[in-house]
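Peer 1: how would this look folded up:
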Amino acid sequence: MYLIRPPFFYRWLYKEAVFSKPLANKTIYLTFDDGPIPEVTPLVLDILKEKKAAATFFCVGENVQRYPTIAERVFSEGHVIGNHTHNHLNAWNCSKEDYVNNALMFESPQSEVKLFRPPYGKLKPSQYRQLRKKYTVVFWDVLSGDYDVNTSPEQCLTNAKEGLCNGSIIVFHDNIKAKKNLMYALPRIIDYAQQQGYAICS
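Peer 2: Numbering: from 1, shown residues only. As a prediction, the model looks like this:
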């Protein structure tokens, strides 16, 4: 079970975090969590290149270290890299010090990483206060649910379509668990958004 939109109190709790970015022109933002991995991330990059769409990849630091060539491709093809902690930690199970130190271990081919997204969307206020000194903390406006084994590819696409509006930040996952839903929904949501006149930005 998951919420397509974040809990209402998140905007009160994390007042300076980003949940959406509405602009004067119609714009949406595609984001991908958990990669890079060789089984999925290159396929995502191929789709984005074909569709001429940009995205932000919230990468796990150990995956960046394990697959540096893929991480370099993400950056070299014009996408933004964000920090998703070094080991995909659940913030609720960590002290402030351990969590923040793990996030600060993150390294990428992008010279300066300015964005941070907490895995599972979980973050203690004390951790948030510390991390926002260095990063812009980014949540989302629309959760596709691609990672959920009980969500069909069609429902994943419906989730993304129904939540879409100007400034939406949409979450997909470039991981094995999400692959089936992602490969179905991603090209279709890009086509749909572009047909509706949206620019797709990182």
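Peer 1: Figure out the length between the terminal residues of stretch 125-137.
Peer 2: Distance between the two ends of stretch 125-137: 12 Å, counting by C-alpha to C-alpha, to the nearest Å.
Peer 1: List of residues touching it?
Peer 2: The contact list for stretch 125-137 (C-beta atoms under 8 Å, 6 or more residues apart in numbering) reads 13-14, 16-18, 83, 91, 94, 96, 99-100, 103-104, 113-118, 123. The way it works is simple: take the backbone N, C-alpha and C, and place the C-beta from them, glycine included.
Peer 1: if we go to 7 Å?
Peer 2: Contact with stretch 125-137 is made by 13-14, 16-18, 83, 91, 96, 99-100, 103, 114-116, as judged by C-beta atoms under 7 Å, 6 or more residues apart in numbering.
Peer 1: Point out the ones among the residues you listed that are inside strands.
Peer 2: Within the contacts of stretch 125-137, residues falling in strands by DSSP state E are 83, 115-116.
Peer 1: remind me, longest helix of the chain?
Peer 2: As assigned by DSSP state H, the longest helix anywhere in the chain is helix 179-195.
Peer 1: what is the mean pLDDT for that helix?
Peer 2: Averaged over helix 179-195, pLDDT sits at 98.
Peer 1: just checking, next helix/strand downstream of that helix?
Peer 2: Next helix or strand after helix 179-195 toward the C-terminus (DSSP states H and E): strand 199-201.
Peer 1: Cool, thanks, talk later.
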